[in-house]
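> task: produce atomic coordinates for the following.
(2 chains)
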Amino acid sequence: DAKTTQPTSMDCAEGRAANLPCNHSTISGNEYVYWYRQIHSQGPQYIIHGLKNNETNEMASLIITEDRKSSTLILPHATLRDTAVYYCIVRVPRNNAGNMLTFGGGTRLMVKP
Amino acid sequence: DAGVIQSPRHEVTEMGQEVTLRCKPISGHDYLFWYRQTMMRGLELLIYFNNNVPIDDSGMPEDRFSAKMPNASFSTLKIQPSEPRDSAVYFCASSKTGTANYGYTFGSGTRLTVV
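Numbering: from 1, shown residues only, chains lettered A, B, ... in the order given. Okay, here's the model as predicted:
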């Protein structure tokens, strides 16, 4: 699976959009971009994933550049409860050879009042 | 759906004792994963099962660690004998083949302290 690079930490004001970048310049054509987050003292939680089109769900939006070498997770109206470590992971979703998630260091997002 | 259930939430044990961590995956999920999280090493995959069969245990740190999945609804991770460096949060996760995103659902973890 391709490696990712994320900033170590970011701050965001409550109510504003939080834009979390991720670089994955070595991503291959069949690898998806996944985002998970881990709120303190909890297990990681799936947020969203995408291949090449932008995606949106009730939690967030995912913007993937045309060359797929980077992406941005957008929390449109950040709340204090969004304070967490956000992990960007690229992987091939496969169901027979194993589909392990490999976590890097992630971005620690602090939402401030 | 109660999600992935882990027990106990917290475990404090003395060095040398046997520790057993338990996990109940989401019903219908055919993959089960055990992860360990420490400040120094982050989240590490220890072992995973598919249809109750261990597929890859290359992340298990040493022979003191063992994991079993006797049926589709239960798995254990055992450490015998435990050492202080085993102190960490242990997470169990499950996923289902054929779901659109192959996303994982994690449990709340077991915080293990070995003194």
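> so residue A:17 makes contact with residue A:73?
No. With contact defined as CB atoms under 8 Å, residue A:17 does not reach residue A:73; the gap is 10.6 Å. Backbone N, C-alpha and C define where each C-beta goes, glycine included.
> ok, the two, which is more surrounded?
In this view residue A:17 and residue A:73 are compared by other CB atoms under 10 Å in any protein chain shown, and residue A:73 has more residues nearby, 25 against 12.
> any idea how far the more buried one is from residue B:47?
Computed as CB to CB, to the nearest Å, the residue A:73 to residue B:47 distance reads 29 Å.
> residues contacting the residue nearest the centre of chain A?
Nearest to the geometric centre of chain A sits residue A:35, at 3.1 Å (CA atoms, centre = their mean). Neighbour list for residue A:35: A:20, A:22, A:46-49, A:60, A:62, A:73, A:86-89 [criterion: CB atoms under 8 Å, 6 or more residues apart in numbering or on different chains].
> phi first, then psi, for residue B:86.
Here is the backbone geometry of residue B:86 (degrees, to the nearest 10): phi -80, psi -10.
> ok, now which ones touch it?
Residue B:86 sits next to B:19, B:64, B:79, B:112, B:114 when contact means CB under 8 Å, 6+ apart.
> burial count for the first one?
Looking back up the chat, that one is residue B:19. Neighbours around residue B:19, by other CB under 10 Å: 21.
> with the last one instead?
The tally of other residues near residue B:114 (other CB under 10 Å) stands at 20.
> so where do the strands sit in chain A?
For chain A, the strands defined by DSSP state E occupy A:9-13, A:18-23, A:32-38, A:45-50, A:55-56, A:61-64, A:70-75, A:84-91, A:107-112.
> ok and the third one relative to strand A:18-23, angle-wise?
Right, the one you point to is strand A:32-38. 130 degrees (axes from the mean of the first three to the mean of the last three CA atoms, to 10 degrees).
> that older thread, of all the strands of chain A, which one is nearest residue B:24?
Nearest of the strands of chain A to residue B:24, taken as CB to CB: strand A:45-50 at 18.2 Å.
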